[in-house]
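1. below: sequence and its predicted model.
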Amino acid sequence: DAKTTQPPSMDCAEGRAANLPCNHSTISGNEYVYWYRQIHSQGPQYIIHGLKNNETNEMASLIITEDRKSSTLILPHATLRDTAVYYCIVRVDTTGNQFYFGTGTSLTVIP
Amino acid sequence: DAGVIQSPRHEVTEMGQEVTLRCKPISGHDYLFWYRQTMMRGLELLIYFNNNVPIDDSGMPEDRFSAKMPNASFSTLKIQPSEPRDSAVYFCASSRTGWKNTIYFGEGSWLTVV
């Protein structure tokens, strides 16, 4: 699976949009981009995933560049409960294929 | 759905003792994963099962670690004998074939070996 690069930490004001970047310049054509987050003392939680089109669900939006070498997770109105470590993962979308978690981005939402 | 259930949530044990961690996957899920998380190494995949059969155990650190899945609703991760460097949070996760291909994690078992 392709490697990803994320900033180690970010801050965001409460109520503002949080934009978390991820670089995956070696991504293959059949690899999806997944985002998980881990709130302190809890297990990682699935957020969203996509292949090449932008995706949106009740939690977030995922913007993937046309060349697919980078993506951005957007939390439209960040709350204090969004403070967590956010992991960007790329992998072939085959059931059972392992998820390899990197170091992620530690997002702190500031009141 | 109850989610992935792990027990115990917290355990403190002495070096050399046997530790058994337990996991109940989400009903209907046919994949089960064991991960370990430490500050130094982050989240590491230890082993995963498909339909109760171990598929890849290359992440198991050494022979002191073993995992079993006797049926679709139960798995154990055993450490014998335990060492202080085994102190970590151990997560169990499960997924279902063809459904989003996402995995769902339990709340973790916090292990401290003194």
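-> Arrived safely. None of the values given here were measured: they were computed from a predicted structure. Numbers count the residues shown, from 1 in each chain, chains lettered A, B, ... in the order given.

2. ok, residue 38 - how many residues close by?
-> No chain specified, so I'll use chain A. For A:Q38, the number of neighbouring residues by other CB atoms under 10 Å in any protein chain shown comes to 21. (Glycine included, C-beta is placed from N, CA and C.)

3. not quite, go with chain B.
-> B:T38: 13 surrounding residues under other CB under 10 Å.

4. pull out the buried residues from stretch B:26-33.
-> Within stretch B:26-33, the residues that qualify as buried are B:I26, B:H29, B:D30, B:Y31, B:L32, B:F33, counting by 16 or more other CB atoms under 10 Å in any protein chain shown.

5. now the second one: phi and psi?
-> The phi and psi values for B:H29, taken as degrees, to the nearest 10, are phi -80, psi 140.

6. wait, what's in contact with it?
-> Contact analysis of B:H29 by CB atoms under 8 Å, 6 or more residues apart in numbering or on different chains lists B:S94, B:S95, B:R96, B:Y104.

7. spatially nearest residue to it (excluding sequence neighbours)?
-> What sits nearest to B:H29 in space, not counting adjacent residues and going by CB to CB, 6 or more residues apart in numbering or on different chains, is B:S94, at 3.8 Å.

8. who in chain B is up against chain A?
-> Residues of chain B lying near chain A by CB under 8 Å from any CB of the partner chain: B:4, B:31, B:33, B:42-43, B:45, B:48, B:50, B:55-56, B:91, B:93, B:95-98, B:100-108.

9. all strands for chain B, in order.
-> In chain B, the strands defined using DSSP state E lie at B:5-7, B:10-13, B:19-24, B:31-38, B:42-50, B:53-56, B:65-71, B:74-79, B:88-95, B:104-105, B:109-113.

10. now the ones you listed as a markdown table including mean pLDDT and distance to A:L73?
-> Putting the strands of chain B into a markdown table (pLDDT from 0 to 100; distance: least, CB to CB, whole Å) gives the following:
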| stretch | mean pLDDT | distance to A:L73 |
| --- | --- | --- |
| strand B:5-7 | 97 | 27 |
| strand B:10-13 | 97 | 31 |
| strand B:19-24 | 98 | 29 |
| strand B:31-38 | 94 | 21 |
| strand B:42-50 | 92 | 18 |
| strand B:53-56 | 92 | 28 |
| strand B:65-71 | 97 | 32 |
| strand B:74-79 | 98 | 31 |
| strand B:88-95 | 95 | 20 |
| strand B:104-105 | 92 | 18 |
| strand B:109-113 | 97 | 28 |
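
11. in TSV: those strands, plus distance to A:T105.
-> As requested, these are exported to TSV (distance: least, CB to CB, whole Å):
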stretch	distance to A:T105
strand B:5-7	26
strand B:10-13	28
strand B:19-24	28
strand B:31-38	16
strand B:42-50	13
strand B:53-56	28
strand B:65-71	30
strand B:74-79	29
strand B:88-95	20
strand B:104-105	18
strand B:109-113	24
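
12. which among the residues of chain B next to chain A count as buried?
-> Buried residues within the residues of chain B next to chain A, counting neighbours by 16+ other CB under 10 Å: B:4, B:31, B:33, B:42-43, B:45, B:48, B:50, B:91, B:93, B:95-96, B:101-108.

13. would you mind measuring from the residue nearest the centre of chain A to chain B?
-> Geometric centre of chain A, nearest residue: A:W35, 3.5 Å, by CA atoms, centre = their mean. Per CB to the nearest CB, to the nearest Å, A:W35 is found 10 Å from chain B.
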